[in-house]
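Q: After the sequence you'll find the predicted model.
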Amino acid sequence: MIAIKMQYVKQSGAQWLWTGIVSKIHNSAIVGEDVIIGDNVTIGPNSIIEDGVRIGNNNIIYPSVYLTGNTDIGES
């Protein structure tokens, strides 16, 4: 797992926004460059999150989930 507690993070060319509370992304998860992840989010192994996805605070994305398009998960 990667635990993040920063405002902006860049990893493998991707840029994600965090507002300060730790979020966890499994090492095998693939996250697009234009993804917004809220506070206290967990992304499980082998999940794929493509550009245009917004994940609100306090969500769990379980293993092997595929999210694509203009998708909002949780609070907007």
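A: Noted; the coordinates are in hand. Numbers count the residues shown, from 1 in each chain.

Q: element containing His24?
A: For the record, residue 24 is Lys, not His. strand 23-25 (DSSP states H and E).

Q: what are the bridge partners for the most centrally placed residue in the chain, then?
A: Most central in the chain under CA atoms, centre = their mean is Ile37, positioned 4.5 Å from the mean C-alpha point. Taking DSSP bridges as the rule, Ile37 bridges to Ile55.

Q: you'd agree it is up against Asn57?
A: No: using CB atoms under 8 Å, Ile37 makes no contact with Asn57, being 9.4 Å away. To be clear about C-beta, it is placed using only N, CA and C from the backbone, and glycine gets the same treatment.

Q: follow-up on the earlier one: any idea how far the residue nearest to the centre of the chain is from Ser28?
A: Applying CB to CB, to the nearest Å, the value for Ile37 to Ser28 is 16 Å.

Q: swap in Gly52?
A: 21 Å.

Q: per-residue confidence at Leu67?
A: With respect to pLDDT, Leu67 has a value of 97.

Q: my guess is it contacts Ile48, does it?
A: Yes: Leu67 is within contact range of Ile48, at 7.2 Å (criterion: CB under 8 Å).

Q: quick one: contacts for Ile61?
A: Ala29, Val41, Thr42, Ile43, Gly44, Ser47, Ile49, Ile55, Leu67, Ile73 (CB atoms under 8 Å, 6 or more residues apart in numbering).

Q: Just give the nearest non-adjacent residue to it, would you?
A: Excluding its sequence neighbours, the residue lying closest to Ile61 (CB to CB, 6 or more residues apart in numbering) is Ile43, at 4.6 Å.
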